[in-house]
Structure formats: C-alpha cells, structure tokens
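Q: Coordinates for the following, if possible.
(one chain, ligands or ions: 1)
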Amino acid sequence: MFIEPEGLYTTEMYLGGMSSSLPEDVQYAMYRTVPGLENVKIVRNAYAIEYDCIDPHQLKHSLEFKEISGLFSAGQINGSSGYEEAAGQGIIAGMNAALFCLGKEPVILDRSQAYIGVLIDDLVTKETTEPYRMMTSRAEYRLVLRQDNADLRLRAIGHDAGLVSDEDYNKMLAKKESIDREVNRLKTTILGGNETVQAFMLKHGSTPLNNGTSLSELMKRPELDYEKLAEIDPERPELPADIVEQVCIQIKYEGYITKQEKQIENFKRLENKKLSPNFDYSTIKGLRKEAIQKLNKIKPASIGQAGRISGVSPADIAVLLVALKA
Ligand SMILES: Cc1cc2nc3c(=O)[nH]c(=O)nc-3n(C[C@H](O)[C@H](O)[C@H](O)COP(=O)(O)OP(=O)(O)OC[C@H]3O[C@@H](n4cnc5c(N)ncnc54)[C@H](O)[C@@H]3O)c2cc1C
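A: Residues are numbered from 1 along each chain as shown. Just a heads-up that it's a prediction; the model follows:
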C-alpha cells in the first residue's frame with residue numbers, strides 16, 4: 001500500500017493499492033484497520049465503474065465478428081479495461097476494417113510477436129470473468145517482447161499493411177543491417193592471448209585467455225562489456241546509441257534469447273496447424289464432453305489456440321492431432 005500526497009498545497013492523500021467499491025461505512029471500518037489510519041477521514045470514497053461488454057469469444061483474432069462479416073470490435077466493450085488495452089485493440093480493428101474494405105488479408109499478431117497478440121488471443125480464447133488487464137506476466141515470450149525492439153519486430157508488418165511509410169520502413173531495415181553487421185563482426189573477431197589482451201583481462205578482474213576467443217564471447221562475461229572492450233578492439237566502427245544498445249542486448253542475452261526463440265518455433269508449429277471455423281467437434285471420437293463443448297463454442301483458429309482453451313486438456317489435443325492427421 002502507498003499513501004501518496006495529492007499535491008503540495010493539500011492535506012489530501014491518495015491510498016494506492018487498497019481499491020474498493022464497498023459501502024462507505026465498510027470502507028471506514030476497513031481503512032481504519034491500517035496502522036496510522038485509525039482516525040482517517042475520507043474526502044472522496046473509493047468507487048467502481050460497471051459496464052457491459054460482449055462475449056469476446058464471438059470475435060476472430062482479427063477482431064471481426066465471426067458471425068457478422070465486416071463488423072470489427074475494439075476496446076472495453078470486448079471485456080478489457082484500460083487505455084493501452086483499448087488503443088491496442090483499436091489499431092488492429094481499425095487496420096483490419098480498412099484492409100477488409102480493400103479486399104486484403106487481415107493483420108493478426110500472434111503471442112510471440114506483440115503484447116497486442118497476447119491481449120487479443122486471451123480475450124478471444126480464455127474465459128475472462130473480470131475486466132481484462134494486460135500484464136507482462138501474461139506473455140510467455142516476454143523476453144523477446146521488449147520496447148527496445150518494437151520497431152524491429154513490428155515495422156515490417158505495419159509497412160505491409162500500408163500504415164508505415166517507405167522512408168520509415170527503410171530506416172528500420174538500415175538499422176537492422178547495422179546491428180547484424182556489428183554482431184557478426186564481434187562474433188568473428190578472435191583475440192589471442194597476447195600481452196595487451198592479458199593485461200586488459202587482469203585489469204578488469206577477468207580470467208586470462210587460454211586460446212582464441214571472440215569479442216562476443218568476452219562481452220558475455222559479467223565483468224566485461226562493449227564499452228570496456230573498446231580498449232582492445234581497434235576496428236570498432238562509430239555507431240549510434242540505439243544500435244549499440246541492440247548489439248549489447250543481442251549478445252549479452254544470446255543464450256536466453258535463443259532458448260526462447262526455440263520455444264517460439266514450437267509454438268508457431270502448433271499455430272500453423274489451422275482448424276476450420278465450421279468444424280463440428282462432436283464428430284471426433286475420444287474427445288471429452290467438456291472439450292467438445294468448449295471447442296464448439298470457441299471454434300479455435302488453430303491447434304495452438306485450442307490448447308489454450310481452459311477445459312481442453314493436452315490429452316484432448318493429442319486426440320485432435322490424430323483426427324486432424326486422419
Ligand atoms: C474514472 C475512470 C478512471 C480510469 N482510469 C484509468 C487509468 O488510470 N488507466 C487506464 O489505463 N484506464 C483507466 N480507466 C479505464 C479506461 O478509461 C477505459 O477502459 C478505456 O478508456 C476504454 O476505452 P474504449 O475506447 O474502449 O471505450 P470508451 O472510452 O468508453 O469509448 C466508447 C465511446 O463510444 C461512445 N458511444 C457509446 N455509445 C454510442 C453510440 N450508440 N453511438 C456512438 N457513440 C457511442 C461513447 O460516448 C464513448 O466515447 C478509467 C476509467 C474510468 C471510468
């Protein structure tokens with residue numbers, strides 16, 4: 001809980017972390033249990049807002065209604081709450097409504113590409129009984145969903161959809177090329193254990209080299225970094241800060257990122273096994289009743305999505321995979 005002063009010229013405080021919509025007398029009883037707030041006076045009671053929403057299972061990942069072609073839906077009417085949640089859906093629904101009018105394929109971001117992908121997939125797949133809030137912990141691939149790489153992840157998609165100018169797109173391509181070139185240089189520049197290098201290692205409390213080691217391997221040592229290595233890296237080009245940042249992240253965390261990329265490959269394999277929106281799951285022998293009901297209600301777009309429906313077990317997915325093969 002935080003007690004935050006509302007301003008310099010007021011004695012009002014905001015009580016953060018103790019939200020409530022209970023009746024006033026209950027709020028008094030509750031807040032006065034907090035040590036230091038025994039005599040608290042409430043200037044404005046805590047309150048909640050109630051609003052209606054649709055069942056988001058009626059939507060495709062494009063945010064178009066499954067049953068109403070050409071109608072797209074975004075924002076808290078879909079069961080979310082929040083500014084970013086509304087804006088994130090708004091850009092997808094707006095983009096896809098425009099693409100629909102142009103007779104083009106919709107843009108769908110998956111869970112490994114963007115938080116928007118996680119948000120929409122959760123809304124259209126899971127049973128959300130409370131207003132949905134986007135939290136980093138909901139994203140299983142959050143190591144790659146970073147704000148520092150948003151342009152590298154998403155700009156090509158925006159460009160394909162006609163939302164990003166050629167100029168901005170080309171800027172991203174040039175940036176990517178510079179990053180790749182520098183990462184490659186660091187991986188292929190091998191240092192031997194000569195006197196200068198060993199003295200450098202000693203100075204920074206790092207183990208001396210026994211054999212040829214690449215600059216990128218050295219960067220991964222906790223006591224060394226890109227800045228420090230400049231001393232023994234005379235070939236280093238002058239690079240803008242945003243490129244250096246990406247180079248450092250990509251090399252320092254390479255092991256973890258590669259691991260996550262493998263998980264993403266597995267995820268994509270299941271996402272690419274498409275399911276028909278018209279399929280009747282009661283025709284599959286061996287599926288449990290609950291799974292049949294859930295699958296028929298949600299009509300998942302892929303095996304991957306089917307596996308994320310609560311009430312559909314890994315055993316049901318195995319049955320589904322066999323049926324799909326047949
Ligand atoms: C008091 C309060 C504080 C909040 N604080 C925060 C916060 O700090 N951070 C945060 O992230 N979120 C906050 N939220 C939640 C956030 O504001 C909403 O979830 C978000 O704005 C929803 O955006 P939206 O575009 O989906 O809906 P809305 O912003 O409600 O937009 C819907 C629009 O549709 C219009 N409309 C309705 N019916 C019709 C009709 N028949 N024809 C034409 N137009 C119609 C409405 O007038 C409205 O302009 C707060 C909400 C409230 C009420």
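Q: Angles on the backbone of residue 162, please.
A: For residue 162, the backbone dihedrals (degrees, to the nearest 10) come out as phi 90, psi 20.
Q: Now do the same for the closest residue to the ligand within the stretch 1-150 of the chain: its pLDDT.
A: Of all residues in the stretch 1-150 of the chain, the one sitting closest to the ligand is residue 75 (2.2 Å; CB to the nearest ligand atom). Every residue, glycine included, has its C-beta placed from N, CA and C. Listed pLDDT for residue 75 reads 97.
Q: Now do the strands in the stretch 51-200 of the chain.
A: Secondary structure of the stretch 51-200 of the chain by DSSP state E, counting those that start in this stretch: the strands cover 190-191.
Q: interface residues of this protein facing the ligand?
A: 49, 75, 76, 77, 81, 82, 83, 86 (CB under 6 Å from any ligand atom).
Q: Tell me, how many residues neighbour the nearest residue to residue 211 once chain neighbours are set aside?
A: Nearest residue to residue 211, sequence neighbours excluded (CB to CB, 6 or more residues apart in numbering): residue 193, at 7.3 Å. For residue 193, the count of nearby residues is 14 (other CB atoms under 10 Å).
Q: What distance do you get for residue 193 to residue 204?
A: 15 Å (CB to CB, to the nearest Å).
Q: so residue 67 makes contact with residue 58?
A: Yes: using CB atoms under 8 Å, residue 67 makes contact with residue 58 at a distance of 6.8 Å.
Q: So which of the two has more stuff around it?
A: The residue with more neighbours, out of residue 67 and residue 58, is residue 58; 15 against 8, by other CB under 10 Å.
Q: And residue 165, how close does it get to the ligand?
A: To the ligand, residue 165 is 26 Å away according to CB to the nearest ligand atom, to the nearest Å.
Q: whoops, residue 154 was the one
A: As judged by CB to the nearest ligand atom, residue 154 and the ligand stand 21 Å apart.
Q: Now for the residue lying closest to the residue of the stretch 1-150 of the chain closest to the ligand once chain neighbours are set aside: which residues touch it?
A: Nearest non-adjacent residue to residue 75, counting by CB to CB, 6+ apart: residue 86, 4.0 Å away. Listed by CB atoms under 8 Å, 6 or more residues apart in numbering, the contact set of residue 86 reads 74, 75, 76, 80.
Q: what comes up buried for the helix or strand harbouring residue 201?
A: When elements are defined using DSSP states H and E, residue 201 is found to belong to helix 195-203. Within helix 195-203, the residues scored as buried using 16 or more other CB atoms under 10 Å are 197, 200, 201.
Q: Touching it from outside, list them.
A: So helix 195-203 is in contact with 191, 207, 208, 209, 231, 232, going by CB under 8 Å, 6+ apart.
Q: May I see the ChimeraX selection of the buried members of those?
A: Buried members of the contacts of helix 195-203, identified by 16+ other CB under 10 Å, are gathered into one ChimeraX selection as follows:
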select :191,209,232
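Q: what's the spacing between stretch 296-308 and its chain's center?
A: Here the centre of stretch 296-308 is set off from its chain's centre by 20 Å, with CA atoms, centre = their mean, to the nearest Å.
Q: quick one: terminal-to-terminal distance for that stretch?
A: Taking CA to CA, to the nearest Å, stretch 296-308 runs 14 Å from one end to the other.
Q: Can you give me the pLDDT of residue 83?
A: 97.
Q: how many neighbours does it have?
A: Residue 83, neighbours per other CB under 10 Å, totals 8.
Q: cool, and residue 12?
A: So residue 12, with other CB under 10 Å, has 11 neighbours.
Q: swap in residue 43?
A: Quick note: residue 43 (other CB under 10 Å) scores 11 neighbours.
Q: Where does it fall, secondary structure wise?
A: Using DSSP H and E, no helix or strand contains residue 43.
Q: what about the closest residue to the ligand within the stretch 151-300 of the chain, distance to residue 99?
A: In the stretch 151-300 of the chain, no residue comes nearer to the ligand than residue 163, which is 19.4 Å away by CB to the nearest ligand atom. Residue 163 sits 10 Å away from residue 99, going by CB to CB.
Q: re earlier: contacting residues for the residue nearest to the residue of the stretch 151-300 of the chain closest to the ligand when sequence neighbours are not counted?
A: Spatial nearest neighbour of residue 163, excluding adjacent residues (CB to CB, 6+ apart): residue 95 at 6.5 Å. Residue 95 makes contacts with 106, 107, 161, 163, as judged by CB under 8 Å, 6+ apart.
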